[in-house]
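[1] this one's sequence-less:
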């Protein structure tokens with residue numbers, strides 16, 4: 001594998017943030033589409049992107065794309081692709097699929113045909129009729145959208161939101177990738193205070209800490225492509241060493257997580273320790289009505305309850321009104337609030353300076369952004385120069 005086309009997928013609405021991450025890693029000439037960003041790179045990018053991308057769901061090698069209206073076209077188009085250059089003789093290569101607005105709508109049939117076509121291609125190279133599939137795993141994905149088939153190989157394995165620190169989950173957990181996107185969209189810098197008043201299991205706070213100290217989110221986990229025989233171990237070793245070298249361990253952090261539920265606070269502290277931040281972050285049991293801060297400027301980033309169930313709607317409305325009263329005391333802070341509640345601005349009593357449509361799982365949400373005034377000083381209280 002020399003130059004290959006890679007495809008990083010994401011939740012809808014955060015593709016531009018994912019593209020910014022890729023540019024920061026040094027990859028340009030990006031093609032941004034709904035739910036994915038494609039680019040050309042070498043093998044090193046497989047390791048670096050899996051380690052570093054905070055907002056991507058997975059990283060794929062894009063093997064090929066073609067129009068297909070019949071099963072014969074799907075078979076021939078798949079067989080024409082260079083599978084024999086990508087998949088070794090002993091590989092396990094299961095096929096998964098999905099079909100949206102396409103004539104070939106039977107996913108199980110499409111999977112079987114793609115599998116058969118790949119086997120036929122492998123037969124021509126390895127001169128054998130049966131493959132035991134006992135070696136490294138190369139998960140194939142066939143995706144049909146508007147009669148266009150895209151064939152790819154998953155390099156990540158488990159979704160990239162699985163960082164390795166969140167071993168337990170509370171109610172309605174926020175995905176790590178969405179939490180990271182919320183922080184990156186806010187443009188928060190680690191020299192400023194950050195509060196999450198509904199911290200739950202601590203995801204926003206921990207993701208902010210990793211961003212603040214420039215810690216690659218994938219350092220605590222493994223990836224599917226690490227076991228591939230056609231990817232040298234030194235590629236992964238070099239990528240991990242680069243990530244270790246770039247950690248800013250001396251960066252002070254002022255990150256505060258609050259929740260009214262003591263069980264949530266206990267879980268947040270457990271995850272804080274698992275992520276390597278024990279004693280660095282602050283998690284305390286506190287209601288949003290008690291919210292205050294001694295810092296003049298800061299960022300509040302929150303994922304409050306949405307009130308999706310009818311029985312919860314009145315309670316959530318009361319919560320949003322109490323938020324308005326508490327946040328009025330932080331009149332020089334910036335607020336970033338994620339919710340699916342369509343009347344949030346009305347209940348909160350203030351129109352957002354900016355809002356962005358995102359998806360929390362399958363729930364369509366808005367990210368309401370309220371910008372505070374510019375600080376009088378360029379450096380915040382957690383600047384290295386002030387500690």
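    On my side now, so go ahead. All values reported here derive from a predicted model rather than from experimental measurement. Numbering: from 1, shown residues only.
[2] can we go C-alpha only for contacts and neighbour counts from here?
    Noted.
[3] what's the longest strand in the protein?
    Using DSSP state E to define each element, the chain has its longest strand at strand 58-67.
[4] that one pairs with which strands?
    Here strand 58-67 is paired, per DSSP bridges, with strand 4-9 (antiparallel), strand 148-154 (antiparallel).
[5] following the longest one, which helix or strand shows up next?
    It stands for strand 148-154. Using DSSP states H and E, the helix or strand that follows strand 148-154 in sequence is helix 176-186.
[6] tell me what that following helix is packed against?
    Contacts defined by 3 or more Cα pairs under 8 Å, 6 or more residues apart in numbering; DSSP states H and E place helix 176-186 against helix 15-24, helix 203-212.
[7] among the ones you listed, which comes closest to residue 47?
    Nearest to residue 47, of all the helices and strands packed on helix 176-186, is helix 15-24, at 12.9 Å by Cα to Cα.
[8] what lies in contact with the helix or strand bottoming out on mean pLDDT in the chain?
    Least confident element among the helices and strands of the chain, by mean pLDDT, DSSP states H and E: helix 313-327 (a mean of 90). Helix 313-327 has contacts (Cα atoms under 8 Å, 6 or more residues apart in numbering) with 288-292, 305-307, 344, 347-349.
[9] make it 7 Å
    The list of residues contacting helix 313-327 from outside it, by Cα atoms under 7 Å, 6 or more residues apart in numbering, reads 288-289, 291, 305-307, 347-348.
[10] lowest-confidence member of these, which is it?
    By pLDDT, residue 307 ranks lowest within these, coming in at 79.
[11] neighbours of the nearest residue to it once chain neighbours are set aside, how many?
    Closest residue in space to residue 307, ignoring its immediate chain neighbours: residue 313 at 4.7 Å, by Cα to Cα, 6 or more residues apart in numbering. Using other Cα atoms under 10 Å, residue 313 has 15 other residues around it.
[12] residues contacting residue 97?
    107, 111, 141-143.
[13] between the helix or strand encompassing it and strand 148-154, how many degrees?
    Element membership for residue 97 (DSSP H and E) is strand 95-100. Here strand 95-100 runs at an angle of 150 degrees relative to strand 148-154 (axes from the mean of the first three to the mean of the last three Cα atoms, to 10 degrees).
[14] note down every partner strand of strand 95-100 and its orientation.
    Under the criterion DSSP bridges, strand 95-100 sits next to strand 139-145 (parallel) in its sheet.
[15] which residues touch the strand it pairs with?
    93-102, 149-154.
[16] ok, which pair from these is furthest apart?
    93 and 101 (26.1 Å).
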